[in-house]
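> pasted the sequence and its predicted model underneath.
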Amino acid sequence: MAVERRLPEWFKVPAPGGDNYLDLRRKFKDAKLNTVCEEAACPNIGDCWDRRTATFMILGDTCTRACSYCNVKTGWPGTLDAAEPFRVATTVKEMELKYTVITSVDRDDLPDYGAGIFGMTIQQIHRLLPNCKVEVLIPDFQGVKEHLATVVNARPEVLNHNIETVRRVFSKVRPRGDYDLSLELLKRVKEIDPYMPSKSGMMVGIGETKDEVFATMQDLRDANCDLLTIGQYLRPSKKHHPLIRFYHPDEFKEFERVGMQMGFKHVAAGPLVRSSYHADEQHEAAIDQLLAAANR
């Protein structure tokens, strides 16, 4: 049974509107670029943009899949913009970002599912702003290892792919995805580059049990996933998957504690946590531990 849409008190956040927020909004509009911050109606947009961090969404604004939880529009995308990697990199340079996250819609209409544009975007950012670290949040590329290798070999600092939910619920919210394929993709990251930090994210409150959350966390660790985010699902509209329950902040703290015991190098869990939440801090935690392990 779905719960009422009224949010608990711990969801209260200041309305966005700081100087940095307004500056970034203008620059994104001028560059004609999409951000997942806006397209997915992220509740952290004010916090992140005021910290001058943002998540770019490449490959257009129309997704070929129709996940029942997602606020991004679906349909058949338009023509691929070959100049997008350079425009993204130029904007990153103008903003003087130290860390940026690049994600995308699913592009099942493309021969490589968008992997080539991901690779070029990473390379262009590193070329124009060498000190900027790049995290990518990628789709599943339908499990094609060569397309994953295209992205990994472009040398992002973090490779992220979200599992999103537990096995039992997965087909209800991601009908065109595959739970085991997503785990296999994460496992292959280390096969291609043993030192690249891998990351995944989950949302809770869509019908899973806590034991199933822990089981999925363990599945991710078994796939050698280093970093994890867990956040509360918030239903974008009545057309989307129902919100079943709210998790208390103390339960998210439990997820963090158990995740670190499982061996994750960093776990960020909280009601408003999303995939790119304080991503720079997670990257630093992963690098410190990977370097320490390499020097043993």
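Thanks, I have the structure now.
> and Leu228, which of the three is it?
Recorded secondary structure, Leu228: strand (DSSP: H, G, I helix; E, B strand; the rest coil).
> that one contacts Pro197, correct?
No: with contacts defined as C-beta atoms under 8 Å, Leu228 does not count as touching Pro197, sitting 11.4 Å away. No exception for glycine: its C-beta is placed from N, CA and C like everyone else's.
> just the CA trace of the helix or strand that contains Thr90, in CSV.
Using DSSP states H and E, Thr90 sits within helix 84-95. Output for helix 84-95, consisting of C-alpha atoms alone and laid out as CSV, is shown next (Å, rounded to 0.1, in the frame of the first residue of the first chain):
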residue,chain,number,x,y,z
GLU,A,84,28.3,17.7,-27.0
PRO,A,85,31.5,16.4,-25.5
PHE,A,86,33.4,19.6,-26.3
ARG,A,87,30.5,21.8,-25.1
VAL,A,88,30.4,19.9,-21.8
ALA,A,89,34.2,20.2,-21.4
THR,A,90,34.1,23.9,-22.2
THR,A,91,31.4,24.5,-19.6
VAL,A,92,33.3,22.5,-17.0
LYS,A,93,36.4,24.6,-17.7
GLU,A,94,34.4,27.9,-17.5
MET,A,95,33.0,26.8,-14.2
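> mind listing what's buried in it?
Taking 16 or more other C-beta atoms under 10 Å as the basis for neighbour counts, the residues of helix 84-95 that come out buried are Glu84, Pro85, Arg87, Val88, Ala89, Thr90, Thr91, Val92, Met95.
> find the nearest non-adjacent residue to the first one, please.
Setting aside the residues directly before and after it, Glu84 is nearest to Ile58 in space (C-beta to C-beta, 6 or more residues apart in numbering), at 5.7 Å.
> any idea how far Ile138 is from the one you found?
10 Å (C-beta to C-beta, to the nearest Å).
> between those two, what contacts are shared?
Shared contacts of Ile58 and Ile138, defined by C-beta atoms under 8 Å, 6 or more residues apart in numbering, are found at Thr103, Ser104, Phe118.
> which ones among those residues lie within strands?
Using DSSP state E to define strands, the subset of the shared contacts of Ile58 and Ile138 located there is Thr103, Ser104.
> so which of the shared contacts of Ile58 and Ile138 wins on neighbours?
Taking other C-beta atoms under 10 Å as the neighbour criterion, Phe118 ranks highest of the shared contacts of Ile58 and Ile138 with 30 neighbours.
> list the contacts of that residue.
Contacts of Phe118 were listed using C-beta under 8 Å, 6+ apart, and they are Ile58, Ile102, Ser104, Val136, Ile138, Thr150, Val151, Ala154.
> which of these fall in strands?
Of the positions in those, Ile58, Ile102, Ser104, Val136 sit in strands, assigned by DSSP E.
> surely the second one meets Ala54?
Meaning Ile102. No: counting by C-beta under 8 Å, Ile102 stays clear of Ala54, with 10.3 Å between them.
> okay, stretch 256-266 in PDB with CA atoms only?
These are the backbone C-alpha positions of stretch 256-266, laid out as PDB (Å, rounded to 0.1, in the frame of the first residue of the first chain):
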ATOM      1  CA  GLU A 256      26.200   2.900   6.400                       C
ATOM      2  CA  ARG A 257      27.400   0.900   9.300                       C
ATOM      3  CA  VAL A 258      26.600  -2.500   7.800                       C
ATOM      4  CA  GLY A 259      28.000  -1.400   4.400                       C
ATOM      5  CA  MET A 260      31.400  -0.500   5.900                       C
ATOM      6  CA  GLN A 261      31.400  -3.800   7.700                       C
ATOM      7  CA  MET A 262      30.900  -5.500   4.400                       C
ATOM      8  CA  GLY A 263      33.900  -3.900   3.000                       C
ATOM      9  CA  PHE A 264      32.700  -0.900   1.000                       C
ATOM     10  CA  LYS A 265      35.300   1.900   1.000                       C
ATOM     11  CA  HIS A 266      32.600   4.500   1.500                       C
END
